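*Asks:* Compute the structure for the input listed below.
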Amino acid sequence: MEYVNLGRTGLKISQYIVGCDNYGDQTEESTALRMMAAAAHAGVNTFDTANSYVGGRSEEIVGKFLKGRRDEIVLATKCRSKVGDGLHDIGTSRKAIMKAIEDSLRRLKTDYIDLYQIHAFDPDTPLAEMLRTMDDLVHQGKVRYIGCSNFSGYQLTQALWISDRDGLARMDSTQPRYNMLYRHPELELLPACREFGVGVIVYSPMAGGFLTGKHSRDGAVPGTRFSEEFRASNFYRGTYWHESQFEAVDRYTKICEKYDVSPYQLGTKWVLKHPAVTACIVGARTEEQLQANLADWELPVSAAALDDAQKIADWARDNGPRLV
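*Replies:* As a prediction, this is how the structure comes out:
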């Protein structure tokens, strides 16, 4: 396992991060605990969750995993998403964040968060209010570093400017969706991160599993992000479920066969080769999936395979749906 600095900080994170969004739902608690332990044994030191995942169950399960190993783990969680019916059970107002951090600390059974992230931009709260609150959490010792997720390049740059102007803790990382079939962050976000030294933790490097080739034009595999029961299936279908994207996946799987690499292996290595990308979040629903992922992380991918993958990504960009 390789370890990298998060942005311009001294925090060392594993280049592969385990995403815990399914824990307590598609992955039951006992399985999730075994999976996290196996990942840690393999060298993963960073785990990512959020207060909104599975109604807080994900954080509760991660909290059980942390017992006895807290100092070894870089714990990342998030706030901002809707977690209840109250007016302040959503958003980044001071009141909402202060409540969210206390609830997360209780569920995680810890007294601090290593990386506390704003899950998405909140148009209803001034950035200065959110940043002042996050700065207070850092000074209180409840948070070590702060970051964001799903921000545009403009929103991130504005936040950095306010932090610099007011002497507040800055966003040391951002977490965008990024993969061979979704390259919107390349327009402005990734260049901004390189310019200002912000770490980039990519999620959905396999396009929600679409790049594995397991879905057919006839229908989605049940229990996946593209099946109707998944809460965000409309987004995944609207983004990837197009003939051009299926054609790109067909070409991609042939490249994987040519170079004897797994789709997962090549897809994550393609993401990590971008000079702005620090690490990527990977999710696994089963122990078998995790073990396959762990094996793939240790295997090299040739420059020729990455070059061919780049050609496919460029073809998909030029022939696929417009994302902006």
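*Asks:* rest of the way, CA atoms for contacts and neighbours
*Replies:* Noted.
*Asks:* Helix or strand for Met134, just tell me which one.
*Replies:* In this assignment (DSSP states H and E), Met134 forms part of helix 127-140.
*Asks:* who are the neighbours of the helix or strand just after that helix, in terms of helices and strands?
*Replies:* Remark: after helix 127-140, the chain's next helix or strand is strand 143-149, criterion DSSP H and E. When contacts are defined as 3 or more C-alpha pairs under 8 Å, 6 or more residues apart in numbering; DSSP states H and E, strand 143-149 packs onto strand 113-118, helix 127-140, strand 171-175.
*Asks:* which one of the ones you listed lies closest to Ala316?
*Replies:* strand 171-175 (22.6 Å; C-alpha to C-alpha).
*Asks:* The closest one versus strand 113-118: what angle between them?
*Replies:* 70 degrees (axes from the mean of the first three to the mean of the last three C-alpha atoms, to 10 degrees).
*Asks:* Quick check: can you name the pairing partners of strand 171-175 and their directions?
*Replies:* strand 143-149 (parallel), strand 199-202 (parallel) (DSSP bridges).
*Asks:* How far does whatever helix or strand comes next after the last one sit from its chain's centre?
*Replies:* It stands for strand 199-202. Per DSSP H and E, strand 199-202 leads on to helix 233-240 as the next helix or strand towards the C-terminus. From the chain centre to the centre of helix 233-240 is a distance of 18 Å (C-alpha atoms, centre = their mean, to the nearest Å).
*Asks:* In whatever helix or strand comes next after helix 233-240, which residues are buried?
*Replies:* Sequence-wise, the next helix or strand downstream of helix 233-240 (DSSP H and E) is helix 243-259. Of all the residues in helix 243-259, those buried under the rule 16 or more other C-alpha atoms under 10 Å are Ser244, Gln245, Phe246, Ala248, Val249, Tyr252, Thr253, Ile255, Cys256.
*Asks:* buried residues in the helix holding Met134?
*Replies:* Neighbour count says helix 127-140 has Leu127, Met130, Leu131, Arg132, Thr133, Met134, Asp135, Asp136, Leu137, Val138 buried, by 16+ other C-alpha under 10 Å.
*Asks:* which outside residues touch stretch 106-113?
*Replies:* Contact partners of stretch 106-113, identified using C-alpha atoms under 8 Å, 6 or more residues apart in numbering, comprise 56, 59-64, 66, 75-77, 105, 141-144.
*Asks:* what's the closest of the residues you listed to Gln117?
*Replies:* The closest of these, once distances to Gln117 are taken by C-alpha to C-alpha, is Thr77, at 6.2 Å.
*Asks:* Check whether the closest one sits in a helix, strand or coil.
*Replies:* Look at Thr77: counting by DSSP: H, G, I helix; E, B strand; the rest coil, its state is strand.
*Asks:* show me what contacts it?
*Replies:* Counting by C-alpha under 8 Å, 6+ apart, Thr77 has contacts Asp48, Thr49, Ala50, Asn51, Ile113, Leu115, Tyr116, Gln117.
*Asks:* Which two of those have the greatest separation?
*Replies:* Asn51 and Leu115, at 13.1 Å, using C-alpha to C-alpha across those.
*Asks:* quick one, which of those two is more surrounded?
*Replies:* More neighbours surround Asn51 than the other of Asn51 and Leu115, with 27 against 22 (other C-alpha atoms under 10 Å).
*Asks:* Including distance to Val301, could the strands paired with strand 171-175 go into a markdown table?
*Replies:* Formatted as a markdown table, these follow (distance: least, C-alpha to C-alpha, whole Å):
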| stretch | distance to Val301 |
| --- | --- |
| strand 143-149 | 29 |
| strand 199-202 | 19 |
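*Asks:* and of these, who's closest to Glu2?
*Replies:* So among those, strand 199-202 is nearest, using C-alpha to C-alpha, at 14.4 Å.
*Asks:* Report the beta-bridge partners for the residue minimising distance to the centre of the chain.
*Replies:* Nearest to the mean C-alpha position of the chain, by C-alpha atoms, centre = their mean, lies Tyr203 at 3.2 Å. Note on Tyr203: beta-bridge partners by DSSP bridges are Arg177.
*Asks:* circling back: can you tell me which of the helices and strands packed on strand 143-149 comes nearest to Leu187?
*Replies:* Nearest of the helices and strands packed on strand 143-149 (C-alpha to C-alpha): strand 171-175, 15.0 Å.
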